[in-house]
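1. pasted the sequence and its predicted model underneath.
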Amino acid sequence: MDDKKQERKLKIRNIKNGISIDHITAGKAPEVLKILGIDRGFTDSVTLAMNVKSSKMRKKDIVKVENKDLDVNEINKISVIAPQATINWIHDYQVVKKEKVKLPDELIGIVKCPNPSCITNKEREPVKSIFLVKNTNPVVLVCKYCERETESLY
Ligand SMILES: [Zn+2]
């Protein structure tokens, strides 16, 4: 099967209401599910495809979740681990909104600093973390307080 045909086939298996996240960096779909808080207790339908051939990206992951919406925090988190992702909001099998994630210049309160002695990790009255984007491809973030670099959310 050629790449275009395979992509089309994946699009057919659509959901009635919910979100479809396409062009996720290959191998990152499980992290996206973690961001969305989807674990064993989740009861709605979830479709996950990993390392799918893509004409745009060579390989990509796709996640579709029924009866789910996304908030700004979740979208920002997805933009860190999958900067090329596109989010489709689906209502009655139709895409009603499509948005490409955009890495914000500053990530406030969503990335955990890997430096244990950073003031954002203090046990008492920790300061909300602020990370600045140093590089977008691959993503490199820098803590505004201790200047520790990180590539991931946790
Ligand atoms: Zn820090």
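-> Nice, thanks for sending it over.
2. tell me the SS of the residue nearest the centre of the chain?
-> Closest residue to the average C-alpha location of the chain: residue 78 at 2.0 Å, with C-alpha atoms, centre = their mean. Of the three states, residue 78 takes helix under DSSP: H, G, I helix; E, B strand; the rest coil.
3. what does residue 59 give?
-> From three-state DSSP, the assignment for residue 59 is strand.
4. residue 114 reaches residue 150, doesn't it?
-> Yes - counting by C-beta atoms under 8 Å, residue 114 does reach residue 150; the two are 5.2 Å apart. For glycine as for every other residue, the C-beta is placed from the backbone atoms N, C-alpha and C.
5. and the two? which has more neighbours close in?
-> residue 150 (19 against 15; other C-beta atoms under 10 Å).
6. check the gap between that one and residue 78 for me.
-> From residue 150 over to residue 78 the distance is 16 Å, taken as C-beta to C-beta, to the nearest Å.
7. kindly report the same for residue 145.
-> Counting by C-beta to C-beta - residue 145 and residue 78 are separated by 24 Å.
8. need the contact partners of stretch 95-108.
-> 20, 75-76, 78-80, 82-90, 128-133, 136, 139, 141, 144 (C-beta atoms under 8 Å, 6 or more residues apart in numbering).
9. anything in that stretch near the ion?
-> No - residues of stretch 95-108 are not located near the ion by C-beta under 5 Å from the ion, the shortest gap being 12.2 Å.
10. how far does that stretch sit from the chain's center?
-> On the basis of C-alpha atoms, centre = their mean, to the nearest Å, stretch 95-108 sits 10 Å off its chain's mean C-alpha point.
11. same thing with stretch 87-100?
-> On C-alpha atoms, centre = their mean, the centre of stretch 87-100 falls 16 Å from that of its chain.
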